[in-house]
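1. fold the following.
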Amino acid sequence: MTFWDTADMYGSGANEILLSKVLKERRNEVFLCTKFAFSRGPNGEYNISGKPEYVRQACENSLRRLGVNYIDLYYQHRVDPNTPIEDTVGALAELVKEGKIKYIGLSECSAESLRRAYKVHPIAAVQMEYSPWTLDIETNGVLEACRELGVTIVAYSPLGRGFLTGNDFVTIPGTRKIKYLEENFEARKIHLSSEELSEIRKIIDSIEIIGTRYSEDSMKFLNV
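-> The predicted structure follows:
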């Protein structure tokens, strides 16, 4: 497993420091992804920033914590509604030129923001929640925009690799224990037939989903 995904908000940077202990000797073996945008306010509340000066500062801090010279894929964790996406991506494009990041990504963005961002610099990936219970990208235009622009969708919180098919999807299985990581890896060997996938889709479509996937405060950061 060489596709590593983290973020500066995970453990307030502690996760990046933890990864640095392994990256010291194996950097060339890993495709490293991390994210920026979230910061904590004085009362513990989350704030979102996509301001160019913050983008650079966050990147420099992640590079230092990770102990690396570059990040393969750098995501804007959530789009800042108060900063034009063009300004944010412009700052990211400068980091690409400087060799500090290789590719630019967005997370939980709207189709409109993706198209605007892409006009400034190619977007390599969009990370979205996608599972049998969260199919928003199929109806809000994000999936269509990604396929039109050739942007890879990195799905988080999927229910098993076998439920997601297609060359333009990469899934991230979540785990906190080695034994579960091994089980996730074994799931790669499962191949579902078109008939099985069709039956799964019928079951999904028959289920009524009630409520939102996040709290009211967190939902306002989605599809921006």
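2. rest of the way, CA atoms for contacts and neighbours
-> Will do.
3. please, which helix or strand holds the residue nearest the centre of the chain?
-> For the chain, the residue nearest the mean C-alpha position is residue 127 (3.2 Å; CA atoms, centre = their mean). In the assignment (DSSP states H and E), residue 127 maps to strand 125-129.
4. just checking, what packs against that strand?
-> Using 3 or more CA pairs under 8 Å, 6 or more residues apart in numbering; DSSP states H and E as the contact test, the elements touching strand 125-129 are strand 101-107, strand 152-156.
5. buried residues, stretch 84-97. List them.
-> Buried residues in stretch 84-97, counted by 16 or more other CA atoms under 10 Å: 84, 85, 86, 87, 88, 89, 90, 91, 92, 93, 95, 96.
6. list the contacts of that stretch.
-> 50-53, 55-56, 79, 101-104, 113, 116-117, 120-121 (CA atoms under 8 Å, 6 or more residues apart in numbering).
7. among these, name the ones in helices.
-> 52, 53, 55, 56, 113, 116, 117, 120 (DSSP state H).
8. write the ChimeraX selection for whichever of those residues are buried.
-> Per 16+ other CA under 10 Å, the buried members of the ones in helices among the contacts of stretch 84-97 correspond to this ChimeraX selection:
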select :52,55,56,113,117,120
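9. after the helix or strand of the chain at the bottom of the mean pLDDT ranking, which helix or strand is next?
-> Scoring the helices and strands of the chain by mean pLDDT, DSSP states H and E places strand 169-172 at the bottom, with a mean of 55. Note on strand 169-172: by DSSP H and E, the next helix or strand toward the C-terminus is helix 178-186.
10. just the mean pLDDT for whichever helix or strand comes after that following helix, thanks.
-> Downstream of helix 178-186, the next assigned helix or strand under DSSP H and E is helix 194-205. Mean per-residue pLDDT for helix 194-205: 80.
11. report the buried residues of helix 194-205.
-> So for helix 194-205, counting by 16+ other CA under 10 Å, buried means residue 197.
12. which regions of this structure sit below the pLDDT cut-off?
-> Counting by pLDDT under 70, the low-confidence segments of the chain come to 159-176, 187-188, 207, 209-221.
13. could you rerun that using 90?
-> 1-2, 11-12, 22, 24-25, 39-47, 129-136, 156-224 (pLDDT under 90).
14. which residue of it sits farthest from its center?
-> Computed with CA atoms, centre = their mean, the maximum C-alpha offset from the centroid of the chain is found at residue 195, amounting to 30.2 Å.
15. any idea how far that residue is from residue 40?
-> Distance, residue 195 to residue 40, by CA to CA, to the nearest Å: 47 Å.
16. what do you get for residue 134?
-> Residue 134 is 27 Å from residue 40, by CA to CA.
17. quick one, which of these two is more surrounded?
-> Neighbours of residue 134 and residue 40, each counted by other CA atoms under 10 Å, are more numerous for residue 134; the result is 15 against 12.
18. any idea which element residue 33 lies in?
-> If you go by DSSP H and E, residue 33 is part of strand 31-36.
19. list just the nearest of the ones in helices among the contacts of stretch 84-97 to residue 223.
-> residue 113 (8.6 Å; CA to CA).
20. mind checking how far the closest one is from residue 86?
-> 9 Å.
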